[in-house]
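Colleague: Predicted model and sequence below, questions to follow.
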Amino acid sequence: MDILYCLFTVLAMYLCIAYANELTFELPDNEKQCFFESVEKGVESTLEFQVITGGHYDVDMELTAPNGKVLYKDVKKQYDSFTWKAEESGVFKFCFSNEFSTFTHKVVYFDLEVGDEDDQVFKNVDAQATAMTFLETSAVNSHESLTDVLDYQTHHRMRETQGRKHAEDLNKRVMMWSIGQTCVILLIGLGQVLVLRSFFTEKRGGRAP
């Protein structure tokens, strides 16, 4: 019975912990996309973004508070992370812009974490006015380790995507260069054959009287 109680307690803690939003999306050229998130006053949040593919791997980003105040703004960033504490409750808007690009679309990844997970976990534990059992401690440690693993996997997936995109672009350039070189060699060979052929072609001229 005590084990079931501990399991339900740990489950209740994790239902109340901080939440995070991760998204990978395409940002076409000359376009701007915005996202919205409701945050309570005093809650600390972290926004991390990275351009995975496209052009010079850069994008403009702007974060705006509910009152219209710009909390963060930067142009042509490949990667960045920004942490802030909400001064008031409301909907925060963060926009990614590719308006400076005329023909290259981008693939952008962002991770928005609202609230501090560790604080929420121990806050819910303290609310029970009891010490954490060995099972609860192990569950919390396992959860933290799994969260770290998920973060590492996400970053490795992004690096793998970037590496694959670089390899595909390089392969395309090498292939186009090879095709161009082949065409030049064929044209030079054909020209040489025509020139040599003209040397051995008997010219028919008019006979002298």
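Modeller: Now that the structure is in, tell me what you want to look at.

Colleague: any low-confidence regions in the chain?
Modeller: Within the chain, the ranges that satisfy pLDDT under 70 run 1-20, 116-132, 202-209.

Colleague: ok, which stretches of it are strands?
Modeller: All strands of the chain, identified by DSSP state E, fall at 19-27, 32-39, 44-53, 59-64, 70-77, 79-85, 90-97, 106-114.

Colleague: other SSEs contacting the longest helix along the chain?
Modeller: For the chain, the helix with the greatest residue count under DSSP state H is helix 134-200. When contacts are defined as 3 or more Cβ pairs under 8 Å, 6 or more residues apart in numbering; DSSP states H and E, helix 134-200 sits against helix 2-15, strand 44-53, strand 106-114, helix 117-127. Using the backbone N, CA and C atoms, a C-beta is placed for each residue, glycine as well.

Colleague: ok so, going back, could you dump the strands of the chain to TSV with distance to residue 188 and mean neighbour count?
Modeller: Listed next are the strands of the chain as TSV, based on distance: least, Cβ to Cβ, whole Å; neighbours: other Cβ atoms under 10 Å:
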stretch	distance to residue 188	mean neighbour count
strand 19-27	43	14
strand 32-39	49	14
strand 44-53	37	20
strand 59-64	45	20
strand 70-77	43	13
strand 79-85	47	13
strand 90-97	48	17
strand 106-114	41	19
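
Colleague: closest to residue 138 out of those?
Modeller: Ranking the strands of the chain by proximity to residue 138 (Cβ to Cβ) places strand 19-27 first, at 22.7 Å.

Colleague: Report the angle between the closest one and strand 106-114.
Modeller: For strand 19-27 against strand 106-114, the angle by axes from the mean of the first three to the mean of the last three Cα atoms, to 10 degrees is 170 degrees.

Colleague: so what does strand 19-27 touch, helix or strand wise?
Modeller: When contacts are defined as 3+ Cβ pairs under 8 Å, 6+ apart, strand 19-27 sits against strand 32-39, strand 106-114.

Colleague: Include distance to residue 88 when you put those into JSON lines, please.
Modeller: Below are the helices and strands packed on strand 19-27 laid out as JSON lines (distance: least, Cβ to Cβ, whole Å):
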{"stretch": "strand 32-39", "distance to residue 88": "9"}
{"stretch": "strand 106-114", "distance to residue 88": "15"}
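
Colleague: Quick check, central residue of this protein?
Modeller: With distances taken as Cα atoms, centre = their mean, the residue of the chain nearest its centroid is residue 109 (2.7 Å).

Colleague: nearest spatial neighbour of it, skipping sequence neighbours?
Modeller: residue 24 (4.6 Å; Cβ to Cβ, 6 or more residues apart in numbering).

Colleague: can you pull the contacts of that neighbour?
Modeller: Going by Cβ atoms under 8 Å, 6 or more residues apart in numbering, residue 24 touches 52, 107, 108, 109.

Colleague: I figured the second one was touching residue 55, is that so?
Modeller: This means residue 107. No: in this structure, residue 107 is not within contact of residue 55 by Cβ atoms under 8 Å, at 10.5 Å.

Colleague: For residue 147, grab the count of nearby residues.
Modeller: Neighbourhood size, residue 147 [other Cβ atoms under 10 Å]: 13.
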